[in-house]
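Participant: all I have is the shape, not the residue letters:
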């Protein structure tokens, strides 16, 4: 996979620390804003990236590139992904994917038309601990309560309190707790249980953005709650409570550091199945494989999951209007 | 306080193990069903109770009794409390108090008319850790998320799964997760933050009863969720997430065994303020004082709290109709 990274923000800098661990990944190019030029050169030198661009179109059209990693602000995900697909490049788009199912399906049609892979980068779905939790569900009986919490005081919330709205809190840029931290919880619930029948979102709104909130998801035999806060933090933990046992997931739902299976009448077992220490290694390893093998089956499955999540987000937004 | 206990179920047997620790409490009488006669005699012998009755009216009218502890099935709380007040006795009524504010106010009018104390027995409101948590709120800034979970697999749920509906799962007897375990969570939220503006209940209904469920409570600047399950268990923990810190409450919300205050930028502190090892000692100690001092101020305050909780329960029931 000859990758062009579009974006030079926090997630990209985090990704670059582990990109070298991913077999078959070539860092062909990185693109940012003209104001990022010095930072791009520094990243190029540090991580051995082939080329730098201060024009994303040029990076996307680079003939050496076969795949574009879209890591621009949320509000630009759709436009940049569309441009890359039209240029004949596979696309790995950061979460949250695109605004609604409509945009996702437009991108998918383009990908299918050009015989390209299109996939959302969402760490937890590709972690070994996620697969472990999913298979452990059969041991806890009928699930009744699912409780996910990802509350992490944002380093940008100090500025927000002081009156400065950075992108992380700008609703026009897809900011807010639902689209940022809670997205991981939603991917967990939908990945484990599929689409809910009813969705409600109870946000704490400040200056037009949800700085925290509680999302409820109803299933035929289960109720789920997804909690996220950027205006408050907590030692987070999530739980799946079934009639015959409980799965306790420690830490934030983008990392799934470990989980414990507590079956009634049996000894508890702690599992730490993730093979890489960094949350992004498993997803990108899988993306390299998908693209190398042109695994449209896996990409289609991932797309169905992503659009189910988009439907939940749409229902959440509708519920508060 | 010369107490007649009406009821001989689990809560009464639990209470009797610590009644001897409560200064000023005299176990004047206990009443149960005729089928309880042998059990009542055994309790009388074991705990030195003055008299036994298999007729609750006789116990209530016993001239040696000044206070009646109403620990009958939930559906009889109102009738037995009313009878006791009409007989000129102070009333300590087990949670959940009575069906709605209307019945509560009818009882309160009777209590006031006869110059009697009427109070709901709800453990957590009287625990030293509750007062500690309430005063610690000022140190965690604006509260944004409150998450309470009391999930405890019911010993009666095995029977329910097998087809036998015992009172704990009989909606006609006030059974179900909302009225049993979640009541403690609701008392916590209302005791700490007052009445919410919006309430929603998402129950898992089986054969007409909520075997578990998620209740959401909206406040102007905060969202709260109260989770309870009798069809599933979990290592429960509750959290109050504020802008400047978090309070983590370990264990079930009827006991409040300990809490930890985590202020941003400061060392964490664990508190274990409860003086008694049993959850019911603090409440009954307070009831003895209230009655001895005829402390109508404290009783009125407790009544306001109890009726606020009843309003939440009514709103919860309405939200699912």
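Facilitator: Received the coordinates, thanks. Remember, it's a predicted structure, so these values are computed and weren't measured experimentally.
Participant: what does the stretch 1-150 of chain A put close to chain B?
Facilitator: Counting by Cβ under 8 Å from any Cβ of the partner chain, the positions of the stretch 1-150 of chain A adjacent to chain B are A:142, A:143, A:144, A:145, A:147, A:149. Yep, even glycine has a C-beta here, placed from its N, CA and C like the rest.
Participant: got the angle between the strand or helix carrying the fourth one and strand B:143-151?
Facilitator: Right, residue A:145. Element membership for residue A:145, per DSSP states H and E: strand A:143-151. If you take axes from the mean of the first three to the mean of the last three Cα atoms, to 10 degrees, strand A:143-151 sits at 150 degrees to strand B:143-151.
Participant: quick check: mean pLDDT across strand A:143-151?
Facilitator: For strand A:143-151, mean pLDDT is 98.
Participant: just the buried ones from the residues of the stretch 1-150 of chain A next to chain B?
Facilitator: Buried residues within those, counting neighbours by 16 or more other Cβ atoms under 10 Å in any protein chain shown: A:143, A:144, A:145, A:147, A:149.
Participant: of those residues, just say which sits nearest to residue B:33.
Facilitator: Nearest to residue B:33 among those is residue A:144, at 33.2 Å by Cβ to Cβ.
Participant: show me the contacts for residue A:34.
Facilitator: Counting by Cβ atoms under 8 Å, 6 or more residues apart in numbering or on different chains, residue A:34 touches residue A:54.
Participant: so how far is chain B from it?
Facilitator: Taking Cβ to the nearest Cβ, to the nearest Å as the measure, residue A:34 falls 37 Å from chain B.
Participant: right, and residue A:211 touches residue B:144 too?
Facilitator: Yes - here residue A:211 reaches residue B:144: they are 7.2 Å apart, a contact under Cβ atoms under 8 Å.
Participant: follow-up on the earlier one: what pairs with the strand holding residue A:145, parallel or antiparallel?
Facilitator: Strands adjacent to strand A:143-151 in the sheet, as given by DSSP bridges, are strand A:222-229 (parallel), strand A:237-242 (antiparallel).
Participant: tell me which of those sits most buried.
Facilitator: The highest mean neighbour count among the strands paired with strand A:143-151, using mean count of other Cβ atoms under 10 Å in any protein chain shown, belongs to strand A:222-229: a mean of 28.
Participant: what separates that one from the chain centre, distance-wise?
Facilitator: 17 Å (Cα atoms, centre = their mean, to the nearest Å).
Participant: with stretch A:15-27 instead?
Facilitator: 18 Å.
Participant: buried ones in that stretch?
Facilitator: Buried positions in stretch A:15-27, judged by neighbour count with 16+ other Cβ under 10 Å: A:15, A:16, A:18, A:19, A:22, A:25, A:26, A:27.
Participant: do stretch A:312-321 as well
Facilitator: Going by 16+ other Cβ under 10 Å, stretch A:312-321 has these buried residues: A:312, A:313, A:315, A:316, A:317.
Participant: three-state assignment of residue A:134?
Facilitator: Under DSSP: H, G, I helix; E, B strand; the rest coil, the three-state class of residue A:134 is helix.
Participant: output the buried ones among the residues of the stretch 1-150 of chain A next to chain B as CSV; include the columns distance to residue B:167.
Facilitator: Output for those, formatted as CSV (distance: Cβ to Cβ, whole Å):
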residue, distance to residue B:167
A:143, 26
A:144, 21
A:145, 23
A:147, 28
A:149, 34
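Participant: okay, and the common contacts of residue A:211 and residue B:144?
Facilitator: Shared contacts of residue A:211 and residue B:144, defined by Cβ under 8 Å, 6+ apart, comprise A:204, A:229, A:231.
Participant: any chance of these in a markdown table with pLDDT as columns?
Facilitator: Output for the shared contacts of residue A:211 and residue B:144, formatted as a markdown table (pLDDT from 0 to 100):
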| residue | pLDDT |
| --- | --- |
| A:204 | 98 |
| A:229 | 98 |
| A:231 | 98 |
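Participant: mind putting these into CSV with distance to residue A:112?
Facilitator: CSV is the format used below for the shared contacts of residue A:211 and residue B:144 (distance: Cβ to Cβ, whole Å):
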residue, distance to residue A:112
A:204, 40
A:229, 39
A:231, 41
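Participant: of those residues, closest to residue B:308?
Facilitator: Proximity of the shared contacts of residue A:211 and residue B:144 to residue B:308 was ranked by Cβ to Cβ; the top entry is residue A:204 with 21.7 Å.
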